[in-house]
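Trainee: from the sequence below, what's the structure:
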Amino acid sequence: MGAWSARHRKTAVFGWLLFVVLAAAIGTAHGSTQVTDAESIPGQVSRAAVILDEAGLKTPSGETVLVQSATRLADDPEFRTAVGQVVAAVNGTGLAAEVRSPYDTGAVSADGHSALVTLTLKGDRTEAAEHVQSVLDAVAGVQERHRDLTVVQLGDASSGKWMQDQFANDFARAEWTAVPLALGILLVAFGALVAAVLPVVLALTAFVAAAGLVALSSGFLHTSNDASSVMLLVGLAVGVDYCLFYLRREREERAAGRDAATALAVAAATSGRAVLVSGVTVVVAMAGMFLTGIATFRSMAFATIVVVITAVLGSLTVLPALLSMLGDRVEKGRVPFLARLRRPDAARTGGRFWNAVLTPVLRRPLAATVLAGAFLLALAAPMLTMNTANLTFQQQLPAGNPLVAASQKIEAAFPGSPGPASVVIKAADIDSPAMTAAIADLRAKALASRLMHGPVEVAVHADRNVATVDIPLNGTGNDATSNDALRSLREDLVPATVLKVPGTEAPVTGRTAGSYDFNHTMTGSMPLVFAFVVTFAFLLMLTSFRSLAVAVTAVVLNLLSVGAAYGVLTLVFQHGVGASLLGTAGVGAVESWVPLFLFVILFGLSMDYHVFVVSRIKEGHDRGLPTRAAIADGIRSTAGVVTSAAVIMVAVFSVFGSLSMQVMKQMGVGLAVAVLIDATVIRAVLLPSVMTLLGDRNWYLPRWLNWLPDLSHGESVPPAGAGQALPERPAAPAEGARHRRAGV
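Mentor: Numbering: from 1, shown residues only. You can find the predicted model right below:
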């Protein structure tokens with residue numbers, strides 16, 4: 001691929017630009033189809049959404065307006081006036097389908113100082129979120145006229161609008177922060193503007209093209225806002241890293257005296273291959289998320305796979321074409337101060353710092369293995385106390401948010417789950433005496449259970465043979481009390497009442513049900529996903545390096561880095577250790593899907609470094625170096641590029657750790673910590689010490705595995721340019737011949 005691109009430079013470059021423009025334009029014109037409630041989570045929640053959709057019933061977006069006074073009671077004339085003004089103002093917008101006064105519904109707090117005006121907005125959830133601002137403004141006008149009262153609004157549409165706006169703001173902030181950060185780090189790494197800009201431009205064009213492809217394909221595989229965030233996060237990180245690996249190797253070969261064509265050929269045969277193996281590993285790891293059966297995970301997996309494949313394609317085609325065009329002009333725009341900081345031999349020797357780390361590690365490998373392993377296990381220990389949950393609205397939003405304050409006031413005045421469970425009943429005849437009696441029996445038994453409370457609201461749609469029964473659950477919505485109430489409703493009350501009527505189905509949905517089903521589905525699928533990712537990563541390493549020890553070491557070291565990331569995540573976000581430094585607080589739990597997401601992402605991304613470093617070690621071994629010398633040479637020669645790549649990844653992920661949404665913070669911090677550990681403790685200490693202890697056993701392949709395809713590292717390289725010979729390399733020993741096709 002590298003040779004073809006170098007020979008057909010204009011075709012490769014302009015073909016890439018045409019591909020990016022067409023993908024982005026067609027994707028934008030097509031638009032993206034978002035994941036729906038009906039497909040989001042398998043189980044009763046999904047079935048309930050399907051029933052409502054088939055009946056043409058929109059799930060209403062409910063809103064609540066709290067009117068509260070510290071001194072006045074709800075019967076006070078001014079209090080009543082404020083409530084009346086809220087009802088009139090909301091009705092005046094023309095956007096409310098139904099507005100109910102607390103004096104009609106009895107929604108007055110036990111102490112008499114608070115009352116709730118309830119309303120539903122017209123249209124579906126998307127339309128309600130778009131139009132809710134007018135209702136919010138109307139309620140704010142009432143608050144302005146009654147400064148001595150609290151008049152605040154909260155509900156599905158208002159919180160949904162805030163989340164959408166915040167997501168858009170965070171996404172823009174991540175884009176505008178991460179890109180300059182990556183560019184600045186690359187400028188320091190290369191000391192030249194052109195070399196620094198190339199990886200960033202290629203990563204951004206890969207992201208733009210991938211975004212268009214994901215939008216275009218969303219007709220058959222729906223996408224989500226989370227998928228866009230993950231695509232930017234991963235696409236920028238791997239795109240820059242892949243280009244960095246390739247570009248640094250080409251520059252290193254030129255500095256070693258090779259002509260431009262040979263340097264590019266060597267980079268293609270070595271770093272290009274490492275990029276390909278790394279990309280395939282990320283794709284395989286992300287494919288594991290399809291096994292969860294959760295639509296949002298499928299969308300994130302697909303988006304990540306597309307952006308990684310696009311980044312690999314760009315790195316292996318347009319990058320060598322551009323390098324062939326530019327030649328040594330890639331060093332143009334040198335920054336004098338930064339250029340002077342770079343030592344000419346640093347690329348091969350690793351610099352003073354990494355030499356200082358590596359020397360004692362190679363001298364005492366057993367001690368280094370024990371100490372580094374103990375450190376990582378200690379860091380991972382808090383993982384044993386990890387509590388995962390679907391974070392509540394209050395936990396997700398930053399402290400001091402006005403919606404959180406409104407929610408806390410409402411819950412304090414009206415204790416109980418913030419969203420009722422909804423029993424969606426589909427019957428042969430919803431108006432039959434048997435069904436009417438069964439619904440009444442369900443209502444009575446729910447109130448008698450003491451796990452649920454009123455008001456129980458029943459809505460019958462006779463023309464569609466569908467009814468909904470909304471039953472508030474005890475608890476906060478995602479705690480054990482609410483979950484116990486949900487299980488009782490699903491497993492005892494519903495079967496004992498409405499399901500006794502023949503031809504009836506009655507799935508239970510709602511916030512608590514959604515959280516419960518999500519956790520149940522994810523928990524059940526995690527062992528399968530973990531086994532899939534670990535097994536295929538092992539097989540990829542085994543096939544790529546034809547070594548049992550290398551494959552086992554790769555899996556074990558990656559598991560250690562993931563475990564350490566889990567431990568830090570638990571300490572910071574569950575127990576609050578150091579959380580204030582991130583502008584957050586310990587919320588008592590880790591978002592339920594974050595551990596699984598981190599596992600598949602980290603298992604893929606950490607292979608970037610592992611493949612790159614071990615490929616260089618094996619290259620030295622195939623040249624005839626003793627194993628210990630090959631390890632030292634491989635670690636030292638890759639230290640600079642691994643450091644630069646890791647700093648870029650940590651910087652990009654840290655940007656996401658600084659965003660306002662709790663789930664984005666957890667995702668960003670978990671990835672940043674894992675990459676930092678992976679590029680330092682794992683690659684600089686554990687990997688060289690373990691490989692040194694194994695010695696020649698690193699390259700062991702049982703005879704019964706000799707049938708494996710030979711995809712080992714030693715790719716053939718074209719001869720040097722005219723008038724220049726390749727530098728002499730020591731001959732490889734006969735026993736190593738099977739590991740290579742031709743020495744590089």
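Trainee: how far away is the closest residue to His520 other than its chain neighbours from Ser482?
Mentor: Using Cβ to Cβ, 6 or more residues apart in numbering and skipping residues adjacent in sequence, the residue nearest His520 is Gly43, 7.4 Å away. Placement of C-beta: from N, CA and C, glycine included. Using Cβ to Cβ, to the nearest Å, we find Gly43 at a distance of 17 Å from Ser482.
Trainee: any weak-confidence spans in the stretch 351-500 of the chain?
Mentor: 351, 399, 416-418 (pLDDT under 70).
Trainee: quote the end-to-end distance of stretch 47-62.
Mentor: 21 Å (Cα to Cα, to the nearest Å).
Trainee: show me what contacts Leu247?
Mentor: By Cβ atoms under 8 Å, 6 or more residues apart in numbering, the residues touching Leu247 are 190, 195, 198-199, 267, 319, 323, 330.
Trainee: dump those to TSV, plus neighbour count.
Mentor: Formatted as TSV, these follow (neighbours: other Cβ atoms under 10 Å):
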residue	neighbour count
Phe190	27
Ala195	26
Leu198	24
Pro199	30
Ala267	28
Leu319	28
Leu323	28
Val330	21
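Trainee: quick check, nearest of these to His610?
Mentor: His610 has its nearest neighbour among these in Ala267, at 19.1 Å by Cβ to Cβ.
Trainee: which residues of the stretch 51-200 of the chain fall in strands?
Mentor: For the stretch 51-200 of the chain, applying DSSP state E, counting those that start in this stretch gives strands covering 61-68, 96-100, 114-121, 150-155.
Trainee: now render those strands as CSV, adding mean pLDDT.
Mentor: Below are those laid out as CSV (pLDDT from 0 to 100):
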stretch, mean pLDDT
strand 61-68, 88
strand 96-100, 86
strand 114-121, 89
strand 150-155, 89
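Trainee: will you turn those strands into a markdown table that also has distance to Arg251 and mean neighbour count?
Mentor: Output for those, formatted as a markdown table (distance: least, Cβ to Cβ, whole Å; neighbours: other Cβ atoms under 10 Å):
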| stretch | distance to Arg251 | mean neighbour count |
| --- | --- | --- |
| strand 61-68 | 57 | 24 |
| strand 96-100 | 65 | 16 |
| strand 114-121 | 59 | 24 |
| strand 150-155 | 57 | 23 |
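Trainee: now distance to Asp241 too, for those, in TSV please.
Mentor: TSV is the format used below for the strands of the stretch 51-200 of the chain (distance: least, Cβ to Cβ, whole Å):
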stretch	distance to Asp241
strand 61-68	43
strand 96-100	51
strand 114-121	46
strand 150-155	43
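Trainee: which one, of the ones you listed, ends up nearest to Gly288?
Mentor: Proximity to Gly288 (Cβ to Cβ) singles out strand 61-68 among these, at 34.9 Å.
Trainee: and that closest one, what does it pack onto?
Mentor: helix 77-93, strand 114-121, helix 125-145, strand 150-155, helix 156-190, helix 402-413 (3 or more Cβ pairs under 8 Å, 6 or more residues apart in numbering; DSSP states H and E).
Trainee: would you mind listing the buried residues in the third one?
Mentor: Looking back up the chat, that one is helix 125-145. Neighbour-count burial for helix 125-145 flags 125, 128-129, 131-132, 134-136, 138-139, 142-143 (criterion: 16 or more other Cβ atoms under 10 Å).
Trainee: from those, which is closest to Pro415?
Mentor: The closest of the buried residues of helix 125-145, once distances to Pro415 are taken by Cβ to Cβ, is Val139, at 23.1 Å.
Trainee: tell me the pLDDT at that closest one?
Mentor: For Val139, the model assigns a pLDDT of 91.
Trainee: next one: Asp37
Mentor: In this model, Asp37 is scored at 66, pLDDT.
Trainee: same question, Leu338
Mentor: 56.
Trainee: Met522 contacts Trp593, correct?
Mentor: Yes - checked against Cβ atoms under 8 Å, the pair Met522 and Trp593 is within contact range at 6.2 Å.
Trainee: residues shared between the contacts of these two?
Mentor: Contacts common to Met522 and Trp593, judged by Cβ under 8 Å, 6+ apart, are Ile294.
Trainee: just to revisit the earlier point, the more surrounded of Gly43 and Ser482?
Mentor: Ser482 (28 against 18; other Cβ atoms under 10 Å).
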